[in-house]
Structure formats: structure tokens, C-alpha cells
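Student: sharing a model that was predicted from the sequence below.
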Amino acid sequence: MNKEEKSKINRDDNAFENALKKSVQGHSYIHWTPVEVIKTAADWLGTESDNKILDIGSGVGKFCLIGAMNSRAHFTGVETRDDLVEQAIELKKELKLSNVDFIHSDIVNIDFSEYTSFYFYNPFCEHMALSGGIDDRIQFDEAAFYNYQEFVAEQLKHAPKGTKLVKYCSPDFDISTDFDLTNMYFEGQLQLWIRR
Ligand SMILES: C[S@@+](CC[C@H](N)C(=O)[O-])C[C@H]1O[C@@H](n2cnc3c(N)ncnc32)[C@H](O)[C@@H]1O
């Protein structure tokens, strides 16, 4: 990928969508964070090189890849769908980024203590959706939605004071008993929470 193509991806959601393989295109509007939102989130989470950011449910890697292009922090994305992880790794190579990695796994297998900050964009929403899913691999399952969210909230409960969590379009994910809301943007959809 040449310099101009990289620069376009870094500022334009359509350019990012067009850089994806046809087989994983068509989900940007509903499922991947917009570039402008990612830049604010990455800034809030901290751009220092010792910051290790975990994207909980990383999809095609958009948050991690754009974040890594604009930060010295290290980004790790965990994603349960293998084809999305493959796509994310391909783009990482094309963009020649060294501060980003992707793990093909369910979030329940991840050790949260290895990370210093977290990004949460409604990763389990497909368990509550009757339409608009990425594919049919995630079934409607209300109990799974709440169990997964509880798992993440429980991990974050053990995070040290000062740990940052940015959440986007995730009104049902309540961490207010352990974290303080410290910033909001994009009509309140993007929120910065800090462990008290
Ligand atoms: C709303 S998308 C967000 C993608 C990315 N974080 C972004 O902002 O562009 C949520 C992603 O979480 C993934 N996901 C759902 N359940 C998961 C689980 N249990 N473990 C890991 N990833 C999961 C989905 O496959 C989907 O790609």
C-alpha cells in the first residue's frame, strides 16, 4: 500500500471499507467504529508506548489499525471470527504496523491483567439482535449477552486504579460501580471511564 492509500485509510471510512476483501465488506456502518471516533478514543486511552490497549471484539481490526497509525501505544484485538482476524492481520502487514496484534479467540480466554487500557464497542450485541448481524454464526441468546458482559465487568473490577476504559454505543454495559465517567463525545455515545 502506498503512502497516499495509507493516508486515505487514516481519514476516510469508505477508503477503509474499500481496502477490505469483498467477503468481509458491507458491515462498516453498523459494526466498525468510524475513523473520527477511533482517533478520539485512542487519544483518551493514552498514546504512550508503554500503554497496552485491548480491543474487546476487534472485527476486521479497524479500531486497532487506525489507532496504531495514530499512537505509540500497543493495540491488541481479540476476535472470535477467524476470517475477520485473517483480514486484520493482512491489513496490518499492508500498513506495515508493528504496534498492533490480533488474537483469534473468545474473550473469555483472555488474561486482562496483560493490558493497561480497554476499548469496548458493544461486542456482544449480535446476541440481542434479530437482524443486522455480520453472519449467522452468533445466535440470538439473551443469557449469553449478559453473561459475556458480566465476564468483562468482572475482569475490569480487578483492574488497578486509573485503568481506562473507552466504550462506544454500549449503553447496556454498566461499570459505574467501579469506574467514574470522565469524558463524553459524539452525543454521549463515546465515553471515557476511569477505575476509581
Ligand atoms: C461491534 S464489532 C466492533 C469491532 C471493532 N472493535 C471496531 O470497533 O471496529 C464487535 C465484534 O466483536 C466480536 N465478538 C463477539 N463476541 C465475541 C467474543 N465472545 N469474543 C471475541 N470477540 C467477539 C464480533 O465478531 C464483532 O466482530
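Tutor: That came through fine.

Student: residue boundaries of the strands in the chain?
Tutor: Counting by DSSP state E, the chain has strands at residues 52-56, 74-79, 100-104, 117-120, 164-168, 179-185, 190-195.

Student: quick check: mean pLDDT across the last one?
Tutor: Rounded to a whole number, the mean pLDDT of strand 190-195 is 98.

Student: can you give me the angle it makes with strand 179-185?
Tutor: Orientation check (axes from the mean of the first three to the mean of the last three C-alpha atoms, to 10 degrees): strand 190-195 against strand 179-185 gives 160 degrees.

Student: tell me the strands beside strand 190-195, with direction?
Tutor: Strand 190-195 pairs in its sheet with strand 164-168 (antiparallel), strand 179-185 (antiparallel), by DSSP bridges.

Student: quick one: closest of these to the ligand.
Tutor: Evaluated with C-beta to the nearest ligand atom, these place strand 164-168 nearest to the ligand, the distance being 6.8 Å. Quick note: C-beta positions are derived from backbone N, CA and C, even for glycine.

Student: residue 61 reaches residue 88, doesn't it?
Tutor: Yes - Residue 61 lies in contact with residue 88 (C-beta atoms under 8 Å); the separation is 2.8 Å.

Student: what is the burial count for residue 171?
Tutor: Look at residue 171: counted by other C-beta atoms under 10 Å, it has 10 neighbours.

Student: could you list the residues of this structure in contact with the ligand?
Tutor: Residues of the chain found near the ligand (C-beta under 6 Å from any ligand atom) are 31-33, 55, 57-59, 62-63, 78-81, 84, 106-107, 121-124, 148.

Student: picking that back up, which residues do residue 61 and residue 88 both contact?
Tutor: 77, 79, 102 (C-beta atoms under 8 Å, 6 or more residues apart in numbering).

Student: spatially central residue for the chain, please.
Tutor: residue 55 (3.7 Å; C-alpha atoms, centre = their mean).
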